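Trainee: Following is a predicted model, sequence given first.
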Amino acid sequence: MRRFVIPILLLLFFTIGINAQNIVKGIIVDSDSEKPLEGVSLSIKNNTLKSYETNKLGVFVIENLVNGNFILEIKLSGYETQNFPLELAGNTIDLGTILLYIDISEEEDLSTVTLSDDELNDDTSAADNISGLLQSSRDVYLRTAAFEFSSSFFRIRGLDSENGKVLINGIEMNKLYNGRPQWSNWGGLNDVLRNQEFSTGLTASDYTFGGILGATNINVRSSEQRQGTRISYASSNRSYVHRAMATHSSGLSEDGWAYTVAASNRNGKEGFVDGTMYDATSFFASVEKKINDNHSLSFTSITAFNKRGKSAPQTQEVFDLKGIQYNSYWGSQNGMIRNSRIKEVSEPILMLNHYWNLNESTSLNTNISYQFGKIGNSRIDNNGTRVDDEALDGNGNPYIVNLGASNPDPTYYQKLPSYGLRQGFTNVYEIEQAFLNDGQLNWKSLYNANLNASNGGNSSYVLYEDRNDDVQFTVNTILNKELSENITLNARVQYTQLTSKNFAEIIDLLGGNGYLDADSFADSFDEKQNNLLNPLYIAGVGDTFKYNFNLYSNVVDGFVQGQFKYNKLDFFIAASASNTTHQRDGLYQNGGFPDNSLGKSEELSFMNYGTKGGLTYKLSGRHLFNVNAGYLTKAPNLRNSFSNSRENNNTVENLTSEKVLSADASYIVRSPIVQAKITGYYTKIQDATEISFFFADGIGGDNTAFVQEILSGIDKKHFGAEIGIEAQVTPTIKLKGAANVGQYTYDNNPNLYLTTENNSRSEDAGFVNGRKDFGASNLENYKLAAGPQTAYSVGFEYRDPDYWFVGATANFFDNVYVDIAPLTRTSNFADDGGIPFNDYDENIARQLLQQEKFDNYMVVNMIGGKSWKIGNQYISLFASVGNLLNTKYKSGGFEQGRNANYRQLKEDKELGTPVFGNKYWFGRGTTYFLNVNYRF
């Protein structure tokens, strides 16, 4: 036995020694500047599961490799991937200086996803989109969702963008008002936003605990921007028509300075939808000083002015008459297009960042951000009034008389043929022809109405702006520490303070002399006053009226995370805690709520926490298994905390934090030819709150009211499967496919109550002190309006060695549902003034309340481009065509809550063309995007 064991031990010892002598080293530099490249990723293909990186000098040293023949893969974003064959036999291989060449085929990446503000930044959840979260991902499925599914308002796992965190230089950009990132705050600055780090779903992020859709950190440090100058021009027919961008980065100088400047302009008289003007100008400036090897200080300024015309959702009746490009918000004035619904965003961001390398294994990043500015949404108010001085009420106050201005919207239900049919009009054909031949907002009629001598100089109509002027201060510190070769600790502490000024401001009297700030629909003189502190106030251009209040929010949060990486197993665990406070401060004493509108509300406070973990098991270098799970609570955002913040201090009753449970499991294949990932996911959301505002008919019988609908205690369930696959079948041809099959539903029957002004009309409808509880809304198992719940994509790319490429995809969408009206699923639906309708039929009711499912559809997209290198200069051309076959489809929609009871809804639907039919958003027809880029 001894004769055998001793030689074996000696051989094993000798082999280990030989293997330990295998060393691969080298220096990696930029091929143009010959400057060293830090953070270049190196890995041994199909062998070791560990990856390596170059240091600040571009140097790498890989030790303790086993003997054999291998391929060393060298990768860095923006550069061509290189592969080096290695023959290891107990030796040291010095690869010397390796030149990395810029990948000029990459130029189309950020242009392919044309992140339109009307898609990403609309006021309605139906238009919410998370493409911006995904474009930095290299995951096949997620990039397909960003580049191919986004035009259909597809949502990853049926979740909207508030569930994903967006950071710039480590500072969260999600708004405290609604939890969503305001994409237009940095729109048009594509070139400086290229350095992005994306964490998928619940996976670990070095910067934040994140949301259940992950996190994206955008690094805009000037020292890490690609050195050089880039100028580009783009033309499109989507949102804007023209775009010009210019960016210059100095690179890091020998004395430690670096700067980047960028500017862009996007404009167009109208996009694909009629009357949607676009005017956006953006500026970026960043300067960084590398004080020494351990300290760097960076200052960044981001300023984006964005102004665009909105488009309106339409009923099927309007679509059949006018088509998908029709927009009722605009009309012609003096031969020019004028849109009444303009959204204007201007919220500059100032940042100061300090980067401190305490030692080789520990870094501390401290960040301060200050953001200020305004968001304005314009619209027409037709509630013009005047004072009748010739008569007094019983308290000696003058009467306030409504000037009788009708709704100017050309699609107002009383102006459409369906209403004429319902009323038995004999001129329905003339109504239809008038709408077909014009059907736009009549600005001239508004001016004429305001010049009516009987108005006493007051405007019947006024154009005003709903304003949100926010000031937000954020400070945080982020710690990253390598505890050992296998263990990394991440931690962050952050404080955010928001002051949000909310008010209405007149921007055009439309020919009148002033606007009486009163509510003519209220009962008494006092109730008609929007501000009892200043009754009978005549507002002019630039004056505040209607409502005026501040919202305050403070958030303190922190997280800690451990990441563990070993040969066969990687895993992490993270925990977070936060405290959030919200408060309203009324600056007007509203006549409808004299005792509950002026001054500060109660302060709402929420303590929240979260925990998550995940592991990756590496069966081999080609086959991996990944599992992630998390449970967290979320404080209600500002929007869903106050039931009617414009008029009073009322908070949502029994308001509590959301509870979110989420998990996913994936199988990943990585071979030289095939890259694939299949994932199963599950998310349960509990105790969510939603607030809606609308005019409802049929409340407690035949009563009408403008109401606030508060739906609380909402449970939702999301589950399904995702798959992404791509195959490099030849050196030039790649086939790719992706699919999502999901089911997103309400998972309980939440409670619903309405609030409105406390007057005689609301009392007739059964309201007590302006409130009426309808109990449970029977929503369980109804589908969520979360975009297509089923989506498939197949396509190909051809990339020629001469740097031209072409690609096409066919995308199929199904299981898209309308957003249901919760009020019609309550006891009110069968209520005829306190007793059931005597003609109520359950079978008919079931049909009336059936949720509409849209037709499935297919969209074909194409891309192509060409790149040239002339010396050290690069020119690239990129083009894309969206919806090549001009498919017409509904991308979203909602039920109008106007018909709130059985009888009214039945009578309306029996018309064939209902007066209050569902309203829809329609996808764009065929669109193009063309971009030319010059870099030197």
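Mentor: Yes, it's here.

Trainee: alpha carbons only for contacts and neighbour counts from here, please
Mentor: OK.

Trainee: For this protein, just list every one of the helices.
Mentor: Along the chain, the segments classed as helices by DSSP state H run 2-20, 109-112, 117-120, 131-134, 140-144, 316-322, 417-423, 428-437, 443-450, 525-528, 760-764, 842-848, 902-909.

Trainee: for this structure, what are the low-confidence residue spans?
Mentor: For the chain, the stretches with pLDDT under 70 are 1-21, 45-50, 104-138, 701.

Trainee: Can you show me the strands along the stretch 451-600 of the chain?
Mentor: Here the stretch 451-600 of the chain has its strands, by DSSP state E, counting those that start in this stretch, at 462-482, 487-508, 515-516, 538-539, 544-565, 569-586, 599-600.

Trainee: who touches stretch 78-94?
Mentor: 18-26, 65-75, 100-103, 106 (C-alpha atoms under 8 Å, 6 or more residues apart in numbering).

Trainee: Check which residues of it are buried.
Mentor: Within stretch 78-94, the residues that qualify as buried are G78, Y79, Q82, L86, L88, A89, G90, N91, I93, counting by 16 or more other C-alpha atoms under 10 Å.

Trainee: now stretch 855-871
Mentor: M858, V859, V860, N861, M862, I863, G864, G865, K866, S867, W868.

Trainee: What about those, which are in strands?
Mentor: The members of those that map onto strands under DSSP state E are M858, V859, V860, N861, M862, I863, G864, G865, K866, S867, W868.

Trainee: beta partners of the second one?
Mentor: Per DSSP bridges, residues listed as beta-bridge partners of V859: N811.

Trainee: Could you pull up the contacting residues of it?
Mentor: So V859 contacts A810, N811, F812, G882, N883, L884, L885, N886, T887 (C-alpha under 8 Å, 6+ apart).

Trainee: possible to save the strands of the stretch 451-600 of the chain as a markdown table with mean neighbour count and distance to K919?
Mentor: A markdown table is the format used below for the strands of the stretch 451-600 of the chain (neighbours: other C-alpha atoms under 10 Å; distance: least, C-alpha to C-alpha, whole Å):
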| stretch | mean neighbour count | distance to K919 |
| --- | --- | --- |
| strand 462-482 | 20 | 23 |
| strand 487-508 | 20 | 27 |
| strand 515-516 | 25 | 32 |
| strand 538-539 | 18 | 34 |
| strand 544-565 | 21 | 28 |
| strand 569-586 | 20 | 33 |
| strand 599-600 | 17 | 38 |
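
Trainee: Turn those into a markdown table, including distance to T656.
Mentor: Formatted as a markdown table, these follow (distance: least, C-alpha to C-alpha, whole Å):
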| stretch | distance to T656 |
| --- | --- |
| strand 462-482 | 24 |
| strand 487-508 | 21 |
| strand 515-516 | 40 |
| strand 538-539 | 39 |
| strand 544-565 | 16 |
| strand 569-586 | 12 |
| strand 599-600 | 20 |
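
Trainee: quick revisit: could you tell me which of the contacts of stretch 78-94 belong to strands?
Mentor: Of the contacts of stretch 78-94, the ones assigned to strands by DSSP E are 23-26, 68-75, 100.

Trainee: Mark which of the contacts of stretch 78-94 are buried, thanks.
Mentor: Listed as buried from the contacts of stretch 78-94 are 18-26, 65-67, 70-75, 100-102; burial here means 16+ other C-alpha under 10 Å.

Trainee: F916: which of the buried residues of stretch 855-871 is nearest?
Mentor: Of all the buried residues of stretch 855-871, F916 sits closest to M858, with 28.9 Å by C-alpha to C-alpha.

Trainee: Excluding chain neighbours, what is closest to that closest one?
Mentor: Spatial nearest neighbour of M858, chain neighbours left out: F812 (4.3 Å); criterion: C-alpha to C-alpha, 6 or more residues apart in numbering.

Trainee: how much space is there between that neighbour and R157?
Mentor: Using C-alpha to C-alpha, to the nearest Å, F812 is found at 17 Å from R157.

Trainee: what does D526 give?
Mentor: With the distance defined as C-alpha to C-alpha, D526 ends up 50 Å from R157.

Trainee: which of the two has more neighbours?
Mentor: Ranked by neighbour count (other C-alpha atoms under 10 Å), D526 and R157 place R157 first, with 25 against 19.

Trainee: my read: the more buried one touches K717, true?
Mentor: No - with contacts counted by C-alpha atoms under 8 Å, R157 stays clear of K717, the gap being 10.2 Å.

Trainee: of the ones in strands among the contacts of stretch 78-94, closest to Y355?
Mentor: Nearest to Y355 among those: K75, at 25.1 Å, using C-alpha to C-alpha.

Trainee: What's the local residue count around the residue lying closest to G591 once chain neighbours are set aside?
Mentor: Closest residue in space to G591, ignoring its immediate chain neighbours: E527 at 4.0 Å, by C-alpha to C-alpha, 6+ apart. A count of nearby residues for E527, using other C-alpha under 10 Å, gives 22.

Trainee: Now do the same contact list for E527.
Mentor: Counting by C-alpha under 8 Å, 6+ apart, E527 makes contact with D519, N590, G591, G592, F593.

Trainee: mind running it again at 10 Å?
Mentor: A518, D519, S520, F521, N590, G591, G592, F593, P594, E757, N758, N759 (C-alpha atoms under 10 Å, 6 or more residues apart in numbering).

Trainee: With neighbour count and distance to K565 added, can I get those residues in JSON lines?
Mentor: Shown next, in JSON lines, are these (neighbours: other C-alpha atoms under 10 Å; distance: C-alpha to C-alpha, whole Å):
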{"residue": "A518", "neighbour count": "29", "distance to K565": "66"}
{"residue": "D519", "neighbour count": "22", "distance to K565": "65"}
{"residue": "S520", "neighbour count": "20", "distance to K565": "68"}
{"residue": "F521", "neighbour count": "15", "distance to K565": "67"}
{"residue": "N590", "neighbour count": "26", "distance to K565": "60"}
{"residue": "G591", "neighbour count": "25", "distance to K565": "63"}
{"residue": "G592", "neighbour count": "26", "distance to K565": "62"}
{"residue": "F593", "neighbour count": "20", "distance to K565": "60"}
{"residue": "P594", "neighbour count": "18", "distance to K565": "62"}
{"residue": "E757", "neighbour count": "23", "distance to K565": "60"}
{"residue": "N758", "neighbour count": "18", "distance to K565": "62"}
{"residue": "N759", "neighbour count": "18", "distance to K565": "66"}
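
Trainee: for those, which one is nearest F625?
Mentor: F625 has its nearest neighbour among the contacts of E527 in E757, at 56.9 Å by C-alpha to C-alpha.

Trainee: Name whatever forms a beta bridge with the residue nearest to D819 when sequence neighbours are not counted.
Mentor: Nearest residue to D819 in three dimensions, chain neighbours excluded: F894, at 4.3 Å (C-alpha to C-alpha, 6+ apart). Taking DSSP bridges as the rule, F894 bridges to D819, K919.

Trainee: Relative to G882, how far out is the closest residue to P788 other than its chain neighbours?
Mentor: Spatial nearest neighbour of P788, chain neighbours left out: V816 (4.5 Å); criterion: C-alpha to C-alpha, 6+ apart. Computed as C-alpha to C-alpha, the V816 to G882 distance reads 20 Å.

Trainee: swap in E895?
Mentor: 29 Å.

Trainee: re earlier: between V816 and G882, which is the more surrounded one?
Mentor: Neighbours per residue, other C-alpha under 10 Å: of V816 and G882, the larger number sits with V816, 25 against 21.

Trainee: Give me the phi and psi for that one.
Mentor: Backbone torsions of V816, given as degrees, to the nearest 10, read phi -110, psi 130.

Trainee: Having no further points to raise, I will conclude here.
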